[in-house]
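[1] Okay, structure incoming, though there's no sequence with it:
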């Protein structure tokens, strides 16, 4: 059949469809588009449906999340999308995974931009959540110069954007700025005890100078800034090979492998579930308080006790194995959240045990899909896999 015959056939077929059928097909199309604009699409990684509110233009914000396809960023994306805002996720996918946000790819309020935050970008936004930066020691130590650039040049670029479009900007800082603290628990007024040339310094000092730049732009250019000092956080979508204690302990326990502790296990940490962190970030962004705020769960565990708790919850046969201590690993870490309580009316709601149940379920799925996962040790390493 030649091209003219094909065109005639297609033309004739369009007229053979009854008007009622065409109307029904159009109505179904419109209905499908309305459905797609009202919820997420179930995926293997996010099988549950997340409904999205419909906000009037006056209330709907355009929000940029750097590092938005990562562990914390993707959960923040879910929260802001569900509230009806327009969300632009920007990520270079060094540690982020596209699978973490695949359930929003169809939605008209969602955009995904593959971009490195160390390079300038022009966008029109109302708020910026600046989360971009590897956060686990093995990953940020893999390329320490790039880690420093992400915290410095990346923050400068986002502050320049915020200045230009008059957006409010929140920096995801870290409890690591306190270093190996000599004050316990750590309030925001504590200046820290950091080794400026140690293996963790690329991250610790990068975040410290990022905070300095935030307040320089606030004082000199009237940029609206918010700074969240985030303590250890866990939950679904953690990178299986990020080398942190929660992911390593769960993966080792689920596979009945030795649970590896670096040191004697007496050092302490406080762990918060990711939903609590996201709630704290949103509250801080939309508050009138512009000084640093600790966001963490003050419930403190020794690493040994935490490993035992995870092993018991997994009903594992794993044995705990003690290895040499890692350089500059803090001996204690506990959030003083009195500022968050007072200024944001925020405190964690999800218990560590409740959060661990959800994290274990997530990692069980990851192990089942991979067949076997070899946990990352303390040495610098490039993130593995990614979807």
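    It's in. Here the structure is a predicted model, which is why all the values come from computation and not from measurement. Numbers count the residues shown, from 1 in each chain.

[2] would you list every one of the helices in the stretch 151-300 of the chain?
    Under the criterion DSSP state H, counting those that start in this stretch, the stretch 151-300 of the chain contains helices at 201-221, 245-254, 274-285.

[3] Which one of these lies nearest to residue 373?
    helix 245-254 (5.1 Å; Cβ to Cβ). No exception for glycine: its C-beta is placed from N, CA and C like everyone else's.

[4] pLDDT on that closest one, on average?
    Across helix 245-254, pLDDT averages out at 95.

[5] And that helix, how far out from the chain middle?
    19 Å (Cα atoms, centre = their mean, to the nearest Å).

[6] Please apply the same query to stretch 25-44.
    For stretch 25-44, the distance to the chain centre is 27 Å (Cα atoms, centre = their mean).

[7] What is the end-to-end distance of it?
    From its first residue to its last, stretch 25-44 covers 29 Å (Cα to Cα, to the nearest Å).

[8] What values do phi and psi take at residue 328?
    phi 60, psi 20 (degrees, to the nearest 10).

[9] count of neighbours near the closest residue to it other than its chain neighbours?
    In this structure, residue 328 finds its nearest non-sequential neighbour in residue 198, 4.3 Å apart by Cβ to Cβ, 6 or more residues apart in numbering. Number of residues near residue 198 (other Cβ atoms under 10 Å) recorded here: 14.

[10] can you check residue 359 too?
    Residue 359: 23 neighbours (other Cβ under 10 Å).

[11] for residue 327, same thing?
    Neighbour tally, residue 327, other Cβ under 10 Å: 11.

[12] cool, residue 40 as well?
    24.

[13] per-residue confidence at it?
    93.

[14] Would you confirm that it contacts residue 49?
    Yes. Between residue 40 and residue 49 there is a contact under Cβ atoms under 8 Å: 5.9 Å.

[15] residue contacts, residue 66?
    For residue 66, the contact set (Cβ atoms under 8 Å, 6 or more residues apart in numbering) comprises 73, 90, 91, 117, 128, 129, 130, 131, 132, 154, 158.

[16] on that earlier part again, distance of the residue nearest to residue 328 from residue 137?
    Shown here: residue 198 relative to residue 137, a distance of 11 Å by Cβ to Cβ, to the nearest Å.

[17] go on, residue 376?
    For residue 376, the distance to residue 137 - Cβ to Cβ - is 10 Å.

[18] Mutual contacts of these two, please.
    residue 243.

[19] re earlier: going through the contacts of residue 66, which ones are buried?
    With burial judged by 16 or more other Cβ atoms under 10 Å, the buried subset of these is 73, 90, 91, 117, 128, 129, 130, 131, 132, 154, 158.

[20] before we move on, which element is the residue positioned nearest the centre of the chain in?
    Residue closest to the mean C-alpha point of the chain, counted by Cα atoms, centre = their mean, is residue 72 at 1.6 Å. Residue 72 belongs to helix 71-82 when assigned by DSSP states H and E.

[21] List the buried residues in that helix.
    By 16+ other Cβ under 10 Å, the buried positions in helix 71-82 come out as 71, 72, 73, 74, 75, 76, 77, 78, 79, 80, 81.

[22] show me the contacts for the second one.
    Residues counted as contacts of residue 72 (Cβ under 8 Å, 6+ apart) are 131, 172, 230, 233, 274, 277, 278.

[23] now the first one
    Neighbour list for residue 71: 100, 233, 235, 237, 238, 239, 242, 274 [criterion: Cβ under 8 Å, 6+ apart].

[24] where's it relative to residue 260, distance?
    Taken as Cβ to Cβ, the span from residue 71 to residue 260 is 21 Å.

[25] Is the residue lying closest to residue 248 once chain neighbours are set aside in a helix, a strand, or coil?
    Leaving out its chain neighbours, the residue that sits closest to residue 248 by Cβ to Cβ, 6+ apart is residue 375, at 4.3 Å. On the three-state scheme (DSSP: H, G, I helix; E, B strand; the rest coil), residue 375 is labelled coil.

[26] just the one 3 residues further on next, same as before
    The local conformation at residue 378, judged by three-state DSSP, is coil.

[27] wait, doesn't it sit right on residue 138?
    Yes. Counting by Cβ under 8 Å, residue 138 is a contact partner of residue 378 at 6.6 Å.

[28] what touches both of these two?
    Common neighbours of residue 378 and residue 138 (criterion: Cβ under 8 Å, 6+ apart): residue 243.

[29] what stretches of the stretch 1-150 of the chain score poorly on pLDDT?
    The model of the stretch 1-150 of the chain has pLDDT under 70 over residues 1-16.
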